[in-house]
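>>> My questions are about this predicted structure, shown below with the sequence.
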Amino acid sequence: MSKKEDESGLSSYYNNKTTILQEARVFNESPISPRKCRALLTRIVYLLYVGENFGTQEATTLFFGTTKLFQHKDSALRQMVYLAIKELATTAEDVIMVTSSIMKDMQPNSEVIYRPNAIRALCRIIDPSMVQGVERFFKAAIVDRTPSISSAALVSSYHLFPAAKDVVKRWVNEAQEAVNAKAQSGLFSGASAGSYLGFGSSSSAQNSGYSPMPSSSYITQYHALGLLYLIRRQDRMAVTKMIQQLGGGKTGSGTLLKNPMALCMLIRYAAKVMEEDPNVQKQMFDILEGWLRHKSDMVNFEAARAICEIKNVSAAQLTRSIAVLQLFLSSPKPTLKFAATRTLATLALTNPASVATCNVDLENLISDSNRSVATYAITTLLKTGNEASVDRLMKQITGFMSEISDEFKVIIVDAIRSLCLKFPTKHVSMLGFLSGVLRDEGGYDFKRAVVEAIFDMIKFIGDCKEQALSHLCEFIEDCEFTKLSVRILHLLGLEGPKAPQPAKYIRFIYNRVVLENATVRAAAVSSLAKFGIIDDTKLQKSVGVLLNRCLDDVDDEVRDRAALYLRVIREPSLAVTYVKDDSIYSLAALEAKLVSYVKDPDASEQAFDVSSIPKVSRQQAAQEAARPSTLDTIGAPISKKSSPTPPPPTAEETRSAYAQQLSEVPELASYGPVLNSSAKPVQLTESETEYQVSCVKHIFREHIVFQFNVSNTLPDTILEQVSVIMQPSADSGITEDFIIPLPSLSSTTSPGIVYVSFTRDAPEEYPMASFQCILKFISKEVDPGTGEPEEEGYEDEYQLEEVELSAGGDYIVPSYSNFSADWERLRGGSAATETFSLSAMESIKAACDSIVEILNMDALGGSQNPTSTSVHIMQLSGLLTGGGGKILVRCRMTFSRGQGVTLELGVRAEKQEACNLVLAAIGG
């Protein structure tokens, strides 16, 4: 066994948990040996730091064995005892029993070196209910002239705050005094330091000479500022006042803060206040600019970075901060160069023109020995450079790609991806670079970034499509990543059939069927099938032969796909549905409908109606499921990690929640499933009023239920017998059934729900109407003494906004479709055409937006964005709720000044009622 292995084995034995527990008997020896005990405590703390877990019983035994060492006066031993107590306190039981021993060492008159250690240990073992009992000790320690004691008390207060907010808040004056402290003292005297560093003897003479030395770090200010902010953070005005008091005015020279870390913290607080309160932005900005001239590089950089991260910052405001960062670019310190280039890389995303002033300095950094600095420099140049500098930069990048890690390669590739879209005429050199690095060694993330960059070029730059596809074909010949192969094969299936010579891609695709694993083979079969539906008999025959060979594959998925697509190729009608169709069901809507179907006991008598599920395009589905695009965040470090917030519920999730809520109302149980609910509540009052009301409409097969969410914002008033009186317009086609009022509503129980139910006189029709609404209630004052409402109240009413029952949103839901195929299919169905004069419309774009809003239908193929100002055709698709089937609308529009927009509206649907509904919605 080698010496190294021997030492390793000895170390593992020496630091073994079982060995340490056995050796813990040294704590009980008499007299105590400080050297042995310190060594054992060091091993315990080491094990805890490397992740060793002590059981509760083991930790408790060690904890109370350690406390026996309190009787010894050795300073270094006592410090080690407190370190062990602090770490074991979280696992051991009954730790609170040592409180009195610890408090003895943290007395204000106790001039010992381990007083800060005692304060930190007490913070870990104390019960929240006991904090008030030690309040005077902490207050005294916070304002102590010794920085180590003051810092220990401040940090401990910070940790105690979540458990004892009310008590710690009372220490705000002491924390303020610690921030303002001018003269501070150090920690070690010569005697005590010698005892500590030499692991001292047990002699009391060595521990008695405690005279602090002056300290120039002012670290106490940093800890005190953190505690002050923690206490005041809910009070924005108090935080703003604190920043202004400590900021030192416009020049920053008058600040009381001497510690650079404290100033950096104050800068971050100022940036947060600016973000939350625009009213103080000018004052905070002046303070930030003052700190750009501080003598500390740390403070200068923090102030410059804070200014660069301000939302919607102007070029004029950035001038001074960019000048500071530009000075850092020529600094001999690598940390300053890295920090400056990283910040400028982020800023270049939003303000490339401002960063362009640093281009000369950044170009000098491309050859920097620190490749991290060089990477950020070149990505910044890629964002700020002009078209003429692209080729030169590409040559410089090629030189050092082999010298940097995959993480930085990804940043470079993402920067080039954005440059491709910025300067499409330079696609040849950039595509050459990307294809070159695609052949280099690299991990999955790097190769994926390159492939996605080429995907974007294919999508947005038509001239490079054929060349880019050729590079991808070469890449999958030797690609080790299954996911990338599948994605590239899918893209070849989409883009290959549209190419001038589609046959040349078939060889690369079929090679995957022969040489790859089952997942890639299945993707290759699907891709081949796309070529089989091209209107080319020879090509169809060739693809059929290749798919026939796949029927003997060892994998069932590959065989099944081959069999399916062979049938599809032979029957063109199936090809439209299974290959050419660019839409899929909205998964959220499908899930909601299936859940409703399973829960409805009467639904099992009928088959599930899939025609009522709205569709979305594959592109929309991909956008919903995709990760956020890196296109707008290339090379940008994540400077702020905000707390994760759950995404807002989708329209379908909201409707599912409403359906669950309605099923719990007994009066509505017989109405059957909800066909549709409003995606967003309609506000019927202003947000500042004392009573706030919003309305949600629920459409059933034979009924319409209006749900009014009512809030009472007056804390001293209770509303009783709350109801909403609805008066429909004449000939509305609906009849009121009943109102479900709220018995009582206070500010604490708000919002409450009032339901108003109507019956549809003719369920097969889709009534549109407007309703005048009045909120009625009995108002009662609350007795402030008892909290009970008065016996006598008075009737009152409150006028609400009108509620509209309309086609879009209430009866029609958007759904994607293949317009030309479905328009032809509905030729023999219900149809209607009418011409409208929209004289109030000032442009075709305004008319498109208005029609989409009224009908709530899906505008297909980007037709909601007109390319001409005089003539346009918009295509819309939707579904009529309640099994009403598909609706297609073709809007032909012309625009002329003085007459506005003339609209020819063509409607085709599966039911005549749908056509009538669309015409009534536009004509109304």
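Noted; the coordinates are in hand.
>>> and Glu495, what is it in contact with?
458, 465, 469 (C-beta atoms under 8 Å, 6 or more residues apart in numbering). For the C-beta atoms, the positions are set from N, CA and C on the backbone; glycine is no exception.
>>> what do you get for Cys308?
Neighbours of Cys308 in contact, by C-beta under 8 Å, 6+ apart: 318, 321-322, 325, 343, 346-347.
>>> again, 6 Å this time
321, 343, 347 (C-beta atoms under 6 Å, 6 or more residues apart in numbering).
>>> so which of the residues you listed comes closest to Lys911?
Among those, Leu347 lies closest to Lys911 (C-beta to C-beta), at 57.1 Å.
>>> I'd like to know how far that closest one sits from Ile378.
16 Å (C-beta to C-beta, to the nearest Å).
>>> Helices along the stretch 201-350 of the chain, start to end?
204-208, 219-232, 236-247, 260-276, 281-291, 297-308, 315-329, 334-347 (DSSP state H, counting those that start in this stretch).
>>> among the ones you listed, which is nearest Gly733?
Gly733 sits nearest to helix 260-276 of all the helices of the stretch 201-350 of the chain, at 50.3 Å, using C-beta to C-beta.
>>> Next, the buried residues of the closest one.
260-267, 269-274 (16 or more other C-beta atoms under 10 Å).
>>> Stretch 433-441 too?
Neighbour counts over stretch 433-441 (16+ other C-beta under 10 Å) mark 433-435, 437-438 as buried.
>>> what about Gln234, how many residues close to it?
8 (other C-beta atoms under 10 Å).
>>> So which of the contacts of Glu495 belong to helices?
458, 465, 469 (DSSP state H).
>>> Could you measure from the first one over to Leu492?
Using C-beta to C-beta, we find Ile458 at a distance of 10 Å from Leu492.
>>> likewise the last one?
The spacing between Leu469 and Leu492, counted by C-beta to C-beta, is 7 Å.
>>> Neighbour count for these two, which is higher?
Between Leu469 and Leu492, counted using other C-beta under 10 Å, the more crowded position is Leu492 (27 against 21).
>>> returning to what we had before: which of the buried residues of helix 260-276 lies closest to Leu421?
Nearest to Leu421 among those, counting by C-beta to C-beta, is Ala271 at 31.4 Å.
>>> thinking the closest one is in contact with Ala306, fair?
Yes - between Ala271 and Ala306 there is a contact at 4.1 Å, judged by C-beta atoms under 6 Å.
>>> least trustworthy helix or strand in the chain by mean pLDDT?
Across the helices and strands of the chain, mean pLDDT, DSSP states H and E gives its lowest value to helix 190-197, namely a mean of 35.
>>> my read: Pro767 touches Ala730, true?
No - contact between Pro767 and Ala730 fails when scored by C-beta under 6 Å: they sit 12.0 Å apart.
>>> So these two - more neighbours on which side?
Pro767 (19 against 5).
>>> thinking again about what came up before, CSV for the buried residues of stretch 433-441, including pLDDT?
Output for the buried residues of stretch 433-441, formatted as CSV (pLDDT from 0 to 100):
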residue, pLDDT
Phe433, 83
Leu434, 85
Ser435, 84
Val437, 82
Leu438, 82
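>>> The residue lying closest to Lys845 once chain neighbours are set aside: what's it in contact with?
Of all residues not flanking Lys845 in the chain, Pro866 sits nearest, at 5.7 Å (C-beta to C-beta, 6 or more residues apart in numbering). Counting by C-beta under 6 Å, 6+ apart, Pro866 touches 844-845, 872.
>>> If you count neighbours, what's buried in stretch 94-111?
Neighbour count says stretch 94-111 has 95, 98-99, 102-103, 105-106, 111 buried, by 16+ other C-beta under 10 Å.
>>> Next: stretch 324-342.
Buried residues in stretch 324-342 (16+ other C-beta under 10 Å): 324-326, 328-329, 336-342.
>>> Check stretch 772-785 too.
773, 775-780, 782.
>>> what does the average pLDDT come to for stretch 777-786?
Averaged across stretch 777-786, pLDDT comes to 79.
>>> who touches that stretch?
Outside stretch 777-786, the residues within contact range by C-beta under 6 Å, 6+ apart are 716-722, 789-790, 793-796.
>>> now, which of those sits nearest Arg417?
Nearest member of those to Arg417, counting by C-beta to C-beta, is Val722, at 57.5 Å.
>>> Secondary structure element holding the closest one?
Val722 belongs to strand 717-728 when assigned by DSSP states H and E.
>>> roughly how far is that strand from the heart of the chain?
Counting by C-alpha atoms, centre = their mean, to the nearest Å, strand 717-728 is centred 40 Å from the centre of its parent chain.
>>> just stretch 224-231 next, same as before
Here stretch 224-231 is found 28 Å from its chain centre; the criterion is C-alpha atoms, centre = their mean.
>>> And for that stretch, what's in contact with it?
154, 157-158, 161, 169, 172, 175, 178-179, 262, 265, 269.
>>> Which members of those residues are the farthest-apart pair?
The distance between the two most remote of these (C-beta to C-beta) is 20.8 Å, for Lys169 and Ala262.
>>> Tell me the secondary structure at Ile704.
Under DSSP: H, G, I helix; E, B strand; the rest coil, Ile704 falls in the strand class.
>>> I'd guessed it sits against Thr759; true?
No - judged on C-beta under 6 Å, Ile704 makes no contact with Thr759 at a distance of 8.1 Å.
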